[in-house]
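Engineer: The sequence and its predicted three-dimensional model are supplied below.
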Amino acid sequence: MADPEVERETVVVDNGSRGGGGAIVAILVVLVLGILAFFYFGGYFGGTAGKNDVNVNVALPNVNLSLPQVNLPPVHVDNPAPARQQQPAANQSGK
């Protein structure tokens, strides 16, 4: 018995567009998070607004130093001016 010939053909349809559903969902999530952050930090959900009762008092330490009296002898520095060095003679080879 001979096997009958079976003809199969695969068809791939690609219209080049992948849609934008993921981008739309991402934008909506960012907007919702932004709105929730606005309400929370604005004090509508018991956030930080209106709780300005932080009182910080920092007392400076009492620093009284008694420095010893130092008597230094007078200092006199007498350095002579450095002697000028002669410039080396120019090249006399004629070139």
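Structural biologist: Alright, I've got the coordinates.
Engineer: contacts and neighbour counts: CA atoms only from here.
Structural biologist: Noted.
Engineer: okay, now Ala23: neighbour count?
Structural biologist: 10 (other Cα atoms under 10 Å).
Engineer: Below-threshold pLDDT in this protein: ranges please.
Structural biologist: Under the criterion of pLDDT under 70, the regions of the chain flagged as low confidence span 1, 45-52, 89-95.
Engineer: In it, what residue spans correspond to helices?
Structural biologist: 21-41 (DSSP state H).
Engineer: what's the burial count for Ala83?
Structural biologist: When neighbours are counted by other Cα under 10 Å, Ala83 registers 6.
Engineer: and Gly22, how far is that from Leu28?
Structural biologist: When distance is defined by Cα to Cα, to the nearest Å, Gly22 is 10 Å away from Leu28.
Engineer: Report the contact partners of His76.
Structural biologist: Residues near His76 by Cα atoms under 8 Å, 6 or more residues apart in numbering: none.
Engineer: What's the separation between it and Pro82?
Structural biologist: Per Cα to Cα, His76 is found 18 Å from Pro82.
Engineer: go on, Gly21?
Structural biologist: From Gly21 across to Pro82, the span is 84 Å (Cα to Cα).
Engineer: Equivalent analysis for Val11, please.
Structural biologist: Between Val11 and Pro82 the distance, using Cα to Cα, works out to 97 Å.
Engineer: again with Arg18
Structural biologist: Using Cα to Cα, we find Arg18 at a distance of 84 Å from Pro82.
Engineer: where does Gly42 fall, phi/psi-wise?
Structural biologist: Gly42 has phi and psi values of phi -80, psi -10 when expressed as degrees, to the nearest 10.
Engineer: Number of residues surrounding it?
Structural biologist: The tally of other residues near Gly42 (other Cα under 10 Å) stands at 14.
Engineer: same thing with Gly43?
Structural biologist: Gly43 has 14 neighbouring residues, counting by other Cα under 10 Å.
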